[in-house]
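Chemist: Have a look at this prediction, sequence included:
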Amino acid sequence: MSAPAAAPTPPSGADQGGSGAGSERVARNTAIFSILTAFSRVAGLGREILAASYFGTGGPASAFTLANLVPNLVANLFAQAALSAAFVPVFTDLLQQGRRREAFRLASTLFWIMLLALTAITAFFELLAGVIMPLFTGPTFGPALVTLTVGLSQVLFPVVLLLGLTGLLVGILQSYEHFTIPALAPAVWNIVIIVGLVVLRHDFHGEDEIYAYALGILIATGVQFGMVLGALARIDFRLQFRIDWHDPRIRQVFMLMLPVTIGLGIVNLDQFINAAFGTLVTKEAPRAIENAFRVYMLPQGIFSVAVATVLFPTLSRMAARRDPGAMRRAIGIGMRQINLLLIPAAAFMIVLTTPIVRLLFERGAFTPESTHLVSIALFWFAFSLPFGGLNLLLTRTFFAVQRPWIPTSLAALNMIVDIIVSLSLYKPLGIAGLVIGTLAANVVMTALQYHRLRIGFNGRLEGAQTMMITARILLASVLLGAVAWVVWYALDALLGRSLPAQIVSVGGAAAAGALVYVRAVLVMHIPEAHQVRRLIMAQLGRA
């Protein structure tokens, strides 16, 4: 996608809310982003499949999970998504006013400030990793596993600096509606990790083989940063080697970033809590939950992240123009698109949890017992799928109108719900109890965010239309689940469980279920389904 060389004018149709042109533009951008993100998620799943075959769900794999989650959590707290969410509305507002030079000066100043701050944070952690990491390991981790966790975290923590700077640059690209490189870079990231894992693993022995995974991630994160930095040439962006401490927008961004940091940090704590609490269950639980989470994130990342990412700059422009009517329509379309895509994905996961996990992971060091553990987590994650997608969109909406303290306060309540439910259920239910805590928190967060947003729009948020269409989507998803299970059961009994047979049985079930679902949503006249159909037909016609 190309970007204008000068300050952009609002794209025709994109900001026209519920107009046909606006809906089609959002659908088109979402489709492009979804395809590239799908490629990335598939590559990521391939990475997880390879790692599972090498390391299974044993102690070293769980040590890696904790060591990887801590720097990722810090990156979200101090940079990456938090910085991007606070920066994009301010940057976009300057572009809308035709103040391109000031916008680029702001971005350059933030780049150097984040470089200095994140370098200091990284150095601090590298020195104190031996004190910090043991705080997150439970009694199932022995001294050797704790030492391994510390060592892996020291290899991985420099990604905080790289991810933080990447988040700022991605925000610039997205403000110019450049979604291609930001969506493609994670795919390259995954491919580099896969290559690094295969090549570097032979340089280590025993439990230390897991270091190859950590080094691969560090190298890949550097490559990803380089790709995004290079993409800025398309909008003629040049970093200025100066820090303008007097720019009032620096303070504005950081004031916006504070609640966003807390809000996104709290939300990202869900995954970390599952891993840390998992060490109270068994030493295998953290990795089992992480494997399930990666499968859960495949549809989540392809669909809901795509919808929310594409809509975010559009909503920011609408907010800058003070156009609540257009925002209401855009939010309604986004919610219905997420439900259209994620509810059927959840239904498929629920009815075929164990066959999916068995097909993806059960080979090498990944045993039938590992399949059982991951299947428990994935079953409950599936129920959370549509709620997680809606939360992402609703949170981005509050960020777009520069009211980040609202989702922040709600996210704090969400975290309390998660901790209470998880602590109450992890002893009787084990892994299932931890993931049910995440499910409960997501449901509560969705309800609270929607209620508060509805108040902000004077009770008008296309709720009746969304509920009516969602009811139809639920009915179509039940049909999908029933057909998928019957087809899988018949093919599984007929073909057995060799790898080719599993591909045919699970793939056949997915295809049959998808055909029934697509036909059902079109017959029930769901507008968003027809939008997607028109988009596909138009693209095929051009081809």
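Modeler: Done, it's in.
Chemist: Would you map the helices across the stretch 301-450 of the chain?
Modeler: With DSSP state H, counting those that start in this stretch, the ranges of helices along the stretch 301-450 of the chain come out as 305-320, 324-351, 353-361, 368-400, 405-429, 431-456.
Chemist: Could I get the ones you listed in JSON lines, plus columns for distance to residue 245?
Modeler: Where you see a C-beta, it was placed from the backbone N, CA and C, and this is true even at glycine. JSON lines is the format used below for the helices of the stretch 301-450 of the chain (distance: least, C-beta to C-beta, whole Å):
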{"stretch": "helix 305-320", "distance to residue 245": "25"}
{"stretch": "helix 324-351", "distance to residue 245": "34"}
{"stretch": "helix 353-361", "distance to residue 245": "51"}
{"stretch": "helix 368-400", "distance to residue 245": "25"}
{"stretch": "helix 405-429", "distance to residue 245": "25"}
{"stretch": "helix 431-456", "distance to residue 245": "34"}
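Chemist: nearest to residue 132, of those helices?
Modeler: Of all those, it is helix 405-429 that lies closest to residue 132, at 20.0 Å by C-beta to C-beta.
Chemist: Only the buried residues of the closest one, if you could.
Modeler: Across helix 405-429, burial judged by 16 or more other C-beta atoms under 10 Å covers 406-411, 414-415, 417-419, 421-422, 425-426, 429.
Chemist: what do you get for stretch 444-464?
Modeler: Buried residues in stretch 444-464 (16+ other C-beta under 10 Å): 444, 445, 446, 448, 449, 450, 452, 453, 456, 457, 461, 462.
Chemist: Identify the residues contacting it?
Modeler: Under the contact criterion C-beta atoms under 8 Å, 6 or more residues apart in numbering, stretch 444-464 has outside partners 267, 324, 327-329, 331-332, 387, 390-391, 394-395, 397-398, 401, 403, 406-407, 410-411, 413-414, 417.
Chemist: picking that back up, closest one of the buried residues of stretch 444-464 to residue 489?
Modeler: Residue 489 lies nearest to residue 446 out of the buried residues of stretch 444-464, by C-beta to C-beta, at 32.9 Å.
Chemist: Would you mind measuring from the closest one to residue 490?
Modeler: Applying C-beta to C-beta, to the nearest Å, the value for residue 446 to residue 490 is 36 Å.
Chemist: Which parts of the stretch 101-250 of the chain are helices?
Modeler: Using DSSP H, counting those that start in this stretch, helices in the stretch 101-250 of the chain cover 143-156, 159-175, 180-200, 211-231, 248-281.
Chemist: quick one, the longest one and helix 143-156 angle?
Modeler: Angle, helix 248-281 to helix 143-156, by axes from the mean of the first three to the mean of the last three C-alpha atoms, to 10 degrees: 160 degrees.
Chemist: which helices and strands sit right next to the helix or strand just after helix 248-281?
Modeler: Counting by DSSP states H and E, the element after helix 248-281 in chain order, helix or strand, is helix 285-299. Helix 285-299 is packed against helix 20-55, helix 59-78, helix 248-281, helix 324-351, helix 353-361, helix 368-400, helix 431-456, with contacts defined by 3 or more C-beta pairs under 8 Å, 6 or more residues apart in numbering; DSSP states H and E.
Chemist: Specify the stretch among those helices that is closest to residue 525.
Modeler: Nearest of those to residue 525, taken as C-beta to C-beta: helix 324-351 at 12.8 Å.
Chemist: If you count neighbours, what's buried in the closest one?
Modeler: Buried residues in helix 324-351 (16+ other C-beta under 10 Å): 324, 326-351.
Chemist: For the closest residue in space to residue 45 that isn't next to it in sequence, give its distance to residue 40.
Modeler: Closest residue to residue 45 apart from its sequence neighbours, by C-beta to C-beta, 6 or more residues apart in numbering: residue 298 at 5.9 Å. For residue 298, the distance to residue 40 equals 10 Å [C-beta to C-beta].
Chemist: Comparing these two, which residue is more hemmed in?
Modeler: Neighbours per residue (other C-beta atoms under 10 Å) separate residue 298 from residue 40, with residue 40 holding more: 22 against 19.
Chemist: The residue nearest the centre of the chain - nearest residue in space that isn't next to it in sequence?
Modeler: With distances taken as C-alpha atoms, centre = their mean, residue 301 lies nearest the centre of the chain, 4.9 Å away. Closest residue to residue 301 apart from its sequence neighbours, by C-beta to C-beta, 6+ apart: residue 41 at 4.7 Å.
Chemist: That neighbour contacts residue 296, doesn't it?
Modeler: No: counting by C-beta atoms under 8 Å, residue 41 sits too far from residue 296 to count as a contact (10.9 Å).
Chemist: just to revisit the earlier point, among the helices and strands packed on helix 285-299, which is nearest residue 483?
Modeler: Residue 483 lies closest, by C-beta to C-beta, to one member of those: helix 324-351, at 9.6 Å.
Chemist: Check which helices and strands that closest one sits against.
Modeler: The criterion is 3+ C-beta pairs under 8 Å, 6+ apart, and the helices and strands that helix 324-351 contacts are helix 20-55, helix 285-299, helix 305-320, helix 368-400, helix 463-495, helix 499-523, helix 527-542.
Chemist: got CSV for the ones you listed, with distance to residue 203 and mean pLDDT too?
Modeler: Listed next are these as CSV, based on distance: least, C-beta to C-beta, whole Å; pLDDT from 0 to 100:
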stretch, distance to residue 203, mean pLDDT
helix 20-55, 14, 73
helix 285-299, 22, 89
helix 305-320, 35, 68
helix 368-400, 26, 89
helix 463-495, 40, 93
helix 499-523, 29, 94
helix 527-542, 45, 62
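Chemist: how about these, which one is nearest residue 435?
Modeler: Of all these, helix 368-400 sits nearest to residue 435, with 4.0 Å by C-beta to C-beta.
Chemist: Would you mark the buried spots in the closest one?
Modeler: The neighbour-count check on helix 368-400 (16+ other C-beta under 10 Å) flags 370-371, 373-400 as buried.
Chemist: from the middle of its chain, how far away would it be?
Modeler: Centre-to-centre, helix 368-400 and its host chain are 10 Å apart (C-alpha atoms, centre = their mean, to the nearest Å).
Chemist: Stretch 180-195 now?
Modeler: 14 Å.
Chemist: May I have it as CSV, with CA atoms only?
Modeler: Provided in CSV are the C-alpha atoms of stretch 180-195 (Å, rounded to 0.1, in the frame of the first residue of the first chain):
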residue,chain,number,x,y,z
THR,A,180,1.4,-4.3,4.9
ILE,A,181,4.9,-4.2,6.5
PRO,A,182,3.6,-4.2,10.1
ALA,A,183,1.5,-7.3,9.2
LEU,A,184,4.3,-9.0,7.3
ALA,A,185,7.2,-8.3,9.7
PRO,A,186,5.8,-10.8,12.3
ALA,A,187,5.8,-13.5,9.7
VAL,A,188,9.4,-12.9,8.9
TRP,A,189,10.0,-12.8,12.7
ASN,A,190,8.6,-16.3,13.0
ILE,A,191,10.5,-17.7,10.0
VAL,A,192,13.8,-16.4,11.4
ILE,A,193,13.1,-18.0,14.7
ILE,A,194,12.4,-21.4,13.0
VAL,A,195,15.6,-21.2,11.1
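Chemist: Could you tell me which residues within it count as buried?
Modeler: Those would be 180-194, for stretch 180-195 by 16+ other C-beta under 10 Å.
Chemist: Just the mean pLDDT for that stretch, thanks.
Modeler: For stretch 180-195, the mean pLDDT works out to 86.
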